[in-house]
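K.L.:
Fold the stuff below for me.
(2 chains)
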Amino acid sequence: MKFRNMAVAVAATALMSGGAAKADELALVAGSIGKDISELRMQLDAFEKESGHTVKIVEMPASTTDQFGQYRLWLSAGNEDVDVYRTDVIWAPQLAASFVDLSEAMKDEIPKHNPSVIQSQTVDGKLVAFPMYTDAPALYYRTDLLEKYGKEPPKTWAELTETAKEIQDKEREAGNSQMNGFVFQGAPYEGLTCDALEWVASNGGGQIVSPDGEITINNEKAAEAIEMAKGWIGTIAPEGVLSYKEEESRGVWQTGNAVFMRNWPYAYALSAGDDSAVKGKFDVVPLPAGEGGKSAACLGGWNLAVSKYSQHQDAAIALVKFLGSEKAQKERAMNTARLPTVPSLYDDPEIAEAQPIVTRWGDVVENAVPRPSAPTQKQYNEVSKEFWTAVNETMSGRGSAADNLDQLEKRLRRLKRSAWE
Amino acid sequence: MANVQAGVPPTDKALDVEREGPRPRSDLSRQRLRSAWLFLAPMLLVLALVAGWPLVKTIWFSLTNASLSDLEGAEFVGLRNYWEYVDYGDGEGEYFGLLFDPQWWNAVYNTVYYSVISVAIETVLGLVFALVLNAEFKGRAFVRAAVLIPWAIPTIVSAKMWAWMMNDQFGILNDMLMTLGIISSPVAWTASPDTAMWAVIIVDVWKTTPFMALLILAGLQMVPGDVYEAAKIDGIHPVKVFWKVTLPLIRPAILVAVIFRALDALRVFDLIYVLTPNNTQTKSMSVFAQENLFQFDKFAYGSAASTLLFLVIAFITLFYIKIARLDLGGRGN
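P.N.:
I've put the predicted structure just below:
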């Protein structure tokens, strides 16, 4: 509420100083997960008051894979109807040619943000998109259940497997037949690339493709990690996890039917909501690591890019500046637990009170593992598809991890030929 | 669709059907031929614009190195998207291209498998439905309308709806089967490799059987009632009447219905894209093409897939017309 008032005050000042020169009608396209859209609408209302422009949201499905196909199609057709795109952190190299360079317009803002996020959105010196929030996943666990069975939050995947199995079995014996040990994102789509990258990287198996472009995925450590995940299916994770994305796993978790869940911080705000069955009964820790490895969180996050076909580029850039600003990021962190890209906000006491996960996540974000979207350039989507296919097939019992990774390496070699392009 | 034949104007032969033997063309016949072409011209023009031009363009792109961000700069590369041998030297090399892509052939296999099974089930069920709907009973009009509902629902909506019904945790399907004691633990219909394709087939059968029933019903209603009366007077068993009288008479209707459905099934996209996205067990040719065209930076390769998709469908259709001895030209018995 306080922020609303602030926004109104800012808007009033802007109007008095004659800030709204020309009113444009903008369209912003964004995928919808959790409460993202209603939160966004709230901020857009504030922007509308402040600037005099109007902004319409074009809502897209939750899957980043589905969004990408549509955006590429629109952009290649020179679509003028959409001015601002909310883009995934991995898209910058693939869509760079269709977006406006923001480096000049944002030059006062850039120093306030995490340099590695800015770096991830910069392609050949061009700032393709401006950060809106960043993302690094957490392991959600049920404090009540772990306490009941005298368990500690797991530090390694082996501990997680053991704890999940024990609690799940005992809960089921006690008549709670719907209880599952662990849910995550196992559907064949971009989300599985994140999950599996975390298993592999935290087990010392590398990052699929190394930063200098070498294909490193076919190694024993990686195979071991994926084989471990395969062991979860049908034991601690329901078989249906092979078709779960973020929202499906949150559905199982938030109805109180899972001991552990791997998900992004947005689920924290929703799990703590009044309609949640796990309200007050859960907490988060960084993801577990492999034996002798280090916890790895996949770097996610969404950014805002201005279409070069937009007829209202100035207004669109103003909108991006508004939504990426420290103030908007703080508001977003407090309402939906979206992680800010402004480092100073991680020490903010107001955020710490509203969404404790955010201020605890500074280190996790700092050490997050990027997907190989930079080295594989325009071929990233295909690399990712080959990877998630290999993992999903292994988990659904079609071939061993070692064989499938061997196959994957051959396919990636065929894709790469002499160099990634 | 089945316009392979429809685009061809009536031939002399078709117009001469009523006459006996070859005769020199009369003025009248020439005049008829001319007006036939005249009436067909607008349709041919529209077809060339909306079907011919995109097709030619797709084939052209499949012979280039086009990428979606730079369609103007596409350069001709020959058949490289279909077939390419890369020589690494020392007698080593590798084949590239669609014809050597196991994922493409997997998509072809999935599509054909899906089409054969789903169309077969839909035909049999559609026939049963049509026979029931053809009988006189109270409330027939209502039932006829009600049966059409699955066909009237957009595929995206029905796919989403079934995805929820088949959900492993909250789905009504698992709940029903478990209550009935048919399965002991929930089945992940859309995720498990054993059931993913069957999930797609079940939804397709649910959706498309009414369409088949309707087409076959139209055929059934063309059968004159006196045939049945004659059979009744002769004391023929109803089952024999069905096999010897009804089925041969509605055969053309069934064959046309099957080809309509088969063409649709071979191009299946939306159902699979929504119900089992990115699943290698169910990926169809159209999904493969879409993925390459828009998800990956391989517009030319996707165009090649679209071109092959067109050729595969054309080949299967021609083969079907040939073996079914289907008379699409309407040249009569």
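
K.L.:
Tell me which residue in chain B sits closest to chain A.
P.N.:
B:Asp168 (3.0 Å; C-beta to the nearest C-beta). Quick note: C-beta positions are derived from backbone N, CA and C, even for glycine.

K.L.:
And that residue, which helix or strand is it part of?
P.N.:
Using DSSP states H and E, B:Asp168 sits in no helix or strand.

K.L.:
Now do the closest residue to it other than its chain neighbours, the pLDDT please.
P.N.:
Using C-beta to C-beta, 6 or more residues apart in numbering or on different chains and skipping the chain neighbours, the partner closest in space to B:Asp168 is A:Gly240 (3.0 Å). Model confidence at A:Gly240, given as pLDDT, is 91.

K.L.:
okay but A:Gly240 is in contact with B:Ala188, surely?
P.N.:
Yes - assessed by C-beta atoms under 8 Å, A:Gly240 is found in contact with B:Ala188 at 3.7 Å.

K.L.:
Now for those two: what residues contact both?
P.N.:
Residues touching both A:Gly240 and B:Ala188 by C-beta atoms under 8 Å, 6 or more residues apart in numbering or on different chains: B:Asp168.

K.L.:
got the contact list for the residue nearest to B:Asp168?
P.N.:
A:248, B:167-169, B:186, B:188, B:191.

K.L.:
Correct me if wrong, but A:Val259 is in a strand.
P.N.:
Yes - remark: A:Val259 belongs to a strand, assigned using DSSP: H, G, I helix; E, B strand; the rest coil.

K.L.:
That one contacts A:Glu147, doesn't it?
P.N.:
No - A:Val259 is beyond contact range of A:Glu147, at 11.9 Å (criterion: C-beta under 8 Å).

K.L.:
more neighbours, these two?
P.N.:
A direct count of neighbours by other C-beta atoms under 10 Å in any protein chain shown for A:Val259 and A:Glu147 places A:Val259 higher, at 26 against 10.

K.L.:
quick one: the residue of chain B closest to chain A and A:Glu239 touch, right?
P.N.:
Yes - taking contacts as C-beta under 8 Å, B:Asp168 lies within contact range of A:Glu239: 6.6 Å.

K.L.:
what residues do the two have in common as contacts?
P.N.:
B:186-188, B:191.

K.L.:
just checking, which of the residues you listed belong to helices?
P.N.:
The helices in this structure, assigned by DSSP state H, contain none of those.

K.L.:
filter those residues down to the ones near chain A?
P.N.:
With C-beta under 8 Å from any C-beta of the partner chain as the criterion, the shared contacts of B:Asp168 and A:Glu239 include B:186-188, B:191 near chain A.

K.L.:
Show the buried residues in those residues.
P.N.:
Buried by 16 or more other C-beta atoms under 10 Å in any protein chain shown: B:186-188, B:191, out of those.

K.L.:
what's near enough to touch the residue of chain B closest to chain A?
P.N.:
A:238-240, A:243, B:174, B:186-189, B:191.

K.L.:
beta partners of the closest residue to A:Pro153 other than its chain neighbours?
P.N.:
Distance criterion C-beta to C-beta, 6+ apart; nearest residue to A:Pro153, sequence neighbours excluded, is A:Val285 at 4.6 Å. On the basis of DSSP bridges, A:Val285 is bridged to A:Leu139.

K.L.:
Distance check, A:Val285 against A:Glu152.
P.N.:
10 Å (C-beta to C-beta, to the nearest Å).

K.L.:
Tell me which of those two has more neighbours.
P.N.:
Neighbour count, other C-beta under 10 Å: between A:Val285 and A:Glu152, A:Val285 has more, with 17 against 10.

K.L.:
And the closest residue to A:Asn367 other than its chain neighbours, how far from chain B?
P.N.:
Leaving aside its chain neighbours, A:Asn367 sits nearest to A:Ala297 (7.2 Å; criterion: C-beta to C-beta, 6+ apart). Separation of A:Ala297 from chain B (C-beta to the nearest C-beta, to the nearest Å): 24 Å.

K.L.:
Tell me, how many residues neighbour A:Ala297?
P.N.:
Look at A:Ala297: counted by other C-beta under 10 Å, it has 27 neighbours.

K.L.:
In contact with the residue nearest to A:Pro153, which residues are there?
P.N.:
A:Val285 neighbours (C-beta under 8 Å, 6+ apart): A:138-139, A:141, A:153.

K.L.:
Over to A:Lys385?
P.N.:
B:278, B:291, B:295-296.

K.L.:
Can you list the buried residues in stretch A:57-72?
P.N.:
A:57, A:60, A:62-69, A:71-72.

K.L.:
Out of those residues, which sit inside helices?
P.N.:
When helices are assigned by DSSP H, the members of the buried residues of stretch A:57-72 inside them are A:64-69, A:71-72.

K.L.:
from the residues you listed, which is closest to chain B?
P.N.:
A:Gly69 (4.1 Å).

K.L.:
how near is the residue nearest to A:Asn367 to A:Gln313?
P.N.:
35 Å.

K.L.:
quick one on the thing from earlier: which pair in the contacts of A:Gly240 spans the largest distance?
P.N.:
Greatest spacing in those, by C-beta to C-beta: A:Glu248 and B:Pro186 (13.7 Å).

K.L.:
Tell me which residue lies farthest from the centre of chain B.
P.N.:
B:Asp90 (47.2 Å; C-alpha atoms, centre = their mean).

K.L.:
So A:Ser210 sits against A:Asn219, correct?
P.N.:
No - look at A:Ser210 against A:Asn219 with C-beta under 8 Å: they stay out of range, at 11.4 Å.

K.L.:
and the two? which has more neighbours close in?
P.N.:
A:Asn219 (17 against 13).

K.L.:
mind checking the SS state of the nearest residue to that one once chain neighbours are set aside?
P.N.:
The shortest distance from A:Asn219 to any non-neighbouring residue, by C-beta to C-beta, 6+ apart, is to A:Gly205 (5.7 Å). Using three-state DSSP, the structure places A:Gly205 in coil.

K.L.:
didn't A:Gly205 look like it was pressed against A:Ala222?
P.N.:
Yes - the pair A:Gly205 / A:Ala222 is scored as a contact, 3.3 Å apart, by C-beta under 8 Å.

K.L.:
Quick check: mean pLDDT of the helix or strand hosting A:Gln43?
P.N.:
Under the criterion of DSSP H and E, A:Gln43 resides in helix A:36-51. What helix A:36-51 shows for mean pLDDT is 93.

K.L.:
which regions of the chain sit below the pLDDT cut-off?
P.N.:
Since no chain was named, I'll use chain A. Scanning chain A for pLDDT under 70 picks out the ranges A:1-21.

K.L.:
To clarify, I was referring to chain B.
P.N.:
Those would be B:1-24, B:326-333, if you go by pLDDT under 70 across chain B.

K.L.:
Break it down into its domains, please.
P.N.:
Annotated domains of chain B cover B:1-100, B:102-295 [automatic domain parsing].

K.L.:
Determine which stretch of those domains is the most buried.
P.N.:
The highest mean neighbour count among the domains of chain B, using mean count of other C-beta atoms under 10 Å in any protein chain shown, belongs to domain B:102-295: a mean of 18.

K.L.:
Next, the distance between the ends of that one.
P.N.:
Distance across domain B:102-295, first residue to last, is 19 Å (C-alpha to C-alpha, to the nearest Å).

K.L.:
Which residues belonging to stretch A:371-381 are considered buried?
P.N.:
A:371-381.

K.L.:
got the CA coordinates for it in PDB?
P.N.:
Only the C-alpha atoms of stretch A:371-381 are listed here, as PDB (Å, rounded to 0.1, in the frame of the first residue of the first chain):
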ATOM      1  CA  ARG A 371      23.200 -22.500 -19.000                       C
ATOM      2  CA  PRO A 372      25.500 -22.700 -22.000                       C
ATOM      3  CA  SER A 373      23.500 -20.100 -24.000                       C
ATOM      4  CA  ALA A 374      26.500 -17.800 -24.500                       C
ATOM      5  CA  PRO A 375      29.000 -20.300 -26.000                       C
ATOM      6  CA  THR A 376      26.400 -22.100 -28.200                       C
ATOM      7  CA  GLN A 377      24.900 -18.800 -29.500                       C
ATOM      8  CA  LYS A 378      22.000 -19.200 -31.900                       C
ATOM      9  CA  GLN A 379      22.100 -23.000 -31.500                       C
ATOM     10  CA  TYR A 380      21.400 -22.900 -27.800                       C
ATOM     11  CA  ASN A 381      17.800 -23.900 -28.100                       C
END
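
K.L.:
Great, nothing more from me.
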